[in-house]
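Undergrad: after the sequence you'll find the predicted model.
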Amino acid sequence: MRGFKIIVEGDYALFTRPEMKLERVSYDVPSPGALEGMLKSIYWKPAIRYVIDKIIIFNPIDFINVRRNEVKDKISYAKVKSQMKGSGGDPCIFTSEERTQRASMLLKNVRYGIEFHFEMTGIKSERDDEDEKKHFNIIKRRLEKGQCFRTPCLGCAEFPVKKLELTDSFDLSQIHSEILSMGDVDLGFMSYRVNFEDKGLPLNGDWENPIFSDRAMTEYYRPHMINGVIDVNRYREGIKC
């Protein structure tokens, strides 16, 4: 198992609780699924999957209430594909027509330590050269250089990561006294990740004209934060659908 340790910082974060219907309310701490998505912004291939092992909460858990404009609809994949082929179809969404306003309860001034590793999925590329060492070196290089193919975010795209750095170890003395004073905190049932029925693979086996399933199931786990540390690996065994 090849692992990494990184520290991420941001002005705001929003790890949405799925039980809230209209308004967005953040969990107190990041969900593993949200952090996996952040890591995929740095490097991702079908041949690997990320696994979050530990989360360190350095700063106090502080919320702020804001109102945000959101777009109600998503761009149609079929219309985008049609336009790319030159057969018409307008994929554009006009925000003035599709905009809606929602209240959100965000986290502010966040700093997290994230320990993670990756596993091979067994999916081969056309060149059939998938190698664990190759992926490890690419991830390491991109983390060291601060490279990404899209901006890493903290839960939602409008809350980008302000700073991300690779580290050899976490300095637990930097955990805020307010977090340490909380001791052992039962965080209740939290979203672990959303698993799609198709597992990210085209149902028709055709990557050129893929057909994906929109059916998904949320997995939950019940972690504890002990002196600012969430040992995700320890509580992963209790995952429930």
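TA: Nice, thanks for sending it over.

Undergrad: grab the nearest non-local neighbour of residue 147.
TA: residue 42 (7.1 Å; Cβ to Cβ, 6 or more residues apart in numbering). Any C-beta I mention is one placed from the backbone N, CA and C, and that applies to glycine too.

Undergrad: name the SS class of the one you found, please.
TA: coil (DSSP: H, G, I helix; E, B strand; the rest coil).

Undergrad: residue contacts, it?
TA: 139, 142, 143, 147, 148, 149, 152, 164 (Cβ atoms under 8 Å, 6 or more residues apart in numbering).

Undergrad: relative to residue 114, how far out is it?
TA: 12 Å (Cβ to Cβ, to the nearest Å).

Undergrad: and the pLDDT at the residue nearest to residue 147?
TA: For residue 42, the model assigns a pLDDT of 95.

Undergrad: for it, phi and psi?
TA: phi -90, psi -50 (degrees, to the nearest 10).

Undergrad: would you mind measuring from it to residue 13?
TA: On the measure of Cβ to Cβ, residue 42 and residue 13 end up 17 Å apart.

Undergrad: with residue 32 instead?
TA: Applying Cβ to Cβ to residue 32 and residue 13 gives a distance of 14 Å.

Undergrad: cool, residue 197 as well?
TA: Applying Cβ to Cβ to residue 197 and residue 13 gives a distance of 29 Å.

Undergrad: more neighbours, those two?
TA: It is residue 13, of residue 197 and residue 13, that has more neighbours when counted by other Cβ atoms under 10 Å, with 24 against 11.

Undergrad: name the nearest residue to residue 167, ignoring sequence neighbours.
TA: Closest residue to residue 167 apart from its sequence neighbours, by Cβ to Cβ, 6+ apart: residue 5 at 5.1 Å.

Undergrad: just to check, the one you found is in contact with residue 115?
TA: Yes. Counting by Cβ atoms under 8 Å, residue 5 touches residue 115, with 5.1 Å between them.

Undergrad: overlap in contacts of those two?
TA: Listed as contacting both residue 5 and residue 115 by Cβ under 8 Å, 6+ apart are residue 170.

Undergrad: residues contacting residue 6?
TA: So residue 6 contacts 113, 114, 116, 143, 164, 165, 166, 167 (Cβ under 8 Å, 6+ apart).

Undergrad: if any of these are buried, put those into a PyMOL selection.
TA: In PyMOL, this line selects whichever of the contacts of residue 6 come out buried by 16 or more other Cβ atoms under 10 Å:
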select buried, resi 113+114+116+143+164+166
